[in-house]
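**Student:** Structure for the following, please:
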Amino acid sequence: MSFQSHIIDKVKLNKEHARHCEDCFFTTTSMNFWIWDPKNNPEIPYAPGEAPESNYAQILFLPTSRQRQESLEVKCLSDKDRTLIALDKCLIPDKNNKCEGLIFEGIENPSILIWVELKMGVKRKNQNPKTLEDRIIGEGGDNKNAFDQIISAINFFEEKGIDTSICQNQWHIAIPKDMKINANKSNAIQARIRKELKGYRQKKLKTITIGPVLELD
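**Tutor:** Predicted structure coming up:
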């Protein structure tokens with residue numbers, strides 16, 4: 001059984017939901033692509049040709065200028081099958097906040113799982129660590145900050161009987177390029193990273209990265 005089929009079999013609510021789940025998987029061998037989670041903002045409508053057809057994470061190959069600003073760029077060093085699973089609002093349709101997506105390599109037995117949360121909408125006009133900290137680590141308990149959204153998605157998989165600890169795990173939080181330096185300077189964010197790396201050691205959490213680009217081997 002493929003890893004995709006295994007996941008669908010574990011999370012499906014019924015046959016109709018299982019068919020819907022199949023649309024949440026995007027597989028590519030491209031060395032360069034973008035992960036876009038469209039945000040419909042009525043004050044800034046999308047131009048013709050860039051309006052989203054769905055409201056969950058998806059892969060783009062030729063994004064428009066606006067789509068690039070809203071997307072995580074993925075750069076790959078090797079040519080292999082990589083699959084993005086759209087989690088929030090797709091595979092996981094409930095109202096609890098989950099991270100946008102999960103990337104795995106290969107078909108049957110992936111060796112690494114990459115949990116992705118997009119925070120590309122972090123305010124650029126107020127570029128200070130506090131603005132970023134509110135979105136990345138928050139004040140806890142509301143399940144809306146980036147770390148809690150990733151943890152919530154992992155817990156969902158575990159509750160469904162999908163053992164994520166058989167793979168190495170990586171967490172990536174996407175933020176605008178001009179905010180990355182603030183993430184590096186934030187003592188609160190760096191402390192949270194150290195805490196999660198230590199706490200999830202038995203779950204094989206290998207690394208946590210933050211930035212506008214995700215580089216894969």
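**Student:** When you work out contacts or count neighbours from here on, use the C-alpha atoms and nothing else.
**Tutor:** Will do.
**Student:** Could you pull out the buried residues of stretch 56-75?
**Tutor:** 56-60, 63, 67-75 (16 or more other C-alpha atoms under 10 Å).
**Student:** typed the wrong thing, it's stretch 31-50
**Tutor:** For stretch 31-50, by 16+ other C-alpha under 10 Å, it's 32-38, 46.
**Student:** from the buried residues of stretch 56-75, which ones fall inside strands?
**Tutor:** Counting by DSSP state E, the buried residues of stretch 56-75 place 58-60, 71-75 in strands.
**Student:** my guess is residue 79 contacts residue 105, does it?
**Tutor:** No. Checked against C-alpha atoms under 8 Å, the pair residue 79 and residue 105 is beyond contact range at 10.5 Å.
**Student:** The protein: strands as residue ranges?
**Tutor:** Using DSSP E, strands in the chain cover 25-28, 32-36, 58-60, 71-76, 82-86, 101-105, 112-118, 168-174, 205-210, 213-216.
**Student:** Export those to JSON lines and append columns for distance to residue 132.
**Tutor:** JSON lines is the format used below for the strands of the chain (distance: least, C-alpha to C-alpha, whole Å):
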{"stretch": "strand 25-28", "distance to residue 132": "29"}
{"stretch": "strand 32-36", "distance to residue 132": "20"}
{"stretch": "strand 58-60", "distance to residue 132": "24"}
{"stretch": "strand 71-76", "distance to residue 132": "17"}
{"stretch": "strand 82-86", "distance to residue 132": "24"}
{"stretch": "strand 101-105", "distance to residue 132": "21"}
{"stretch": "strand 112-118", "distance to residue 132": "13"}
{"stretch": "strand 168-174", "distance to residue 132": "11"}
{"stretch": "strand 205-210", "distance to residue 132": "11"}
{"stretch": "strand 213-216", "distance to residue 132": "17"}
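**Student:** Of all those, which one is nearest residue 19?
**Tutor:** Of all the strands of the chain, strand 25-28 sits nearest to residue 19, with 11.2 Å by C-alpha to C-alpha.
**Student:** So which other helices or strands are in contact with that closest one?
**Tutor:** strand 82-86 (3 or more C-alpha pairs under 8 Å, 6 or more residues apart in numbering; DSSP states H and E).
**Student:** and the strand it packs on, what does it pack onto?
**Tutor:** By 3+ C-alpha pairs under 8 Å, 6+ apart, strand 82-86 packs against strand 25-28, strand 58-60, strand 101-105.
**Student:** for the closest residue to residue 67 other than its chain neighbours, what are its contacts?
**Tutor:** Nearest residue to residue 67, sequence neighbours excluded (C-alpha to C-alpha, 6 or more residues apart in numbering): residue 36, at 7.0 Å. Residue 36 makes contacts with 57-60, 67, 70-72, as judged by C-alpha atoms under 8 Å, 6 or more residues apart in numbering.
**Student:** Could you pull out the helices in the chain for me?
**Tutor:** Secondary structure of the chain (DSSP state H): helices at 3-11, 15-22, 65-69, 129-136, 146-159, 180-185, 187-199.
**Student:** can you list those helices in CSV and add mean pLDDT?
**Tutor:** Output for the helices of the chain, formatted as CSV (pLDDT from 0 to 100):
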stretch, mean pLDDT
helix 3-11, 95
helix 15-22, 92
helix 65-69, 89
helix 129-136, 79
helix 146-159, 94
helix 180-185, 90
helix 187-199, 94
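**Student:** Serialize those to a markdown table and add fields for distance to residue 99.
**Tutor:** Supplementary listing: the helices of the chain in a markdown table, determined by distance: least, C-alpha to C-alpha, whole Å:
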| stretch | distance to residue 99 |
| --- | --- |
| helix 3-11 | 16 |
| helix 15-22 | 16 |
| helix 65-69 | 19 |
| helix 129-136 | 12 |
| helix 146-159 | 5 |
| helix 180-185 | 19 |
| helix 187-199 | 16 |
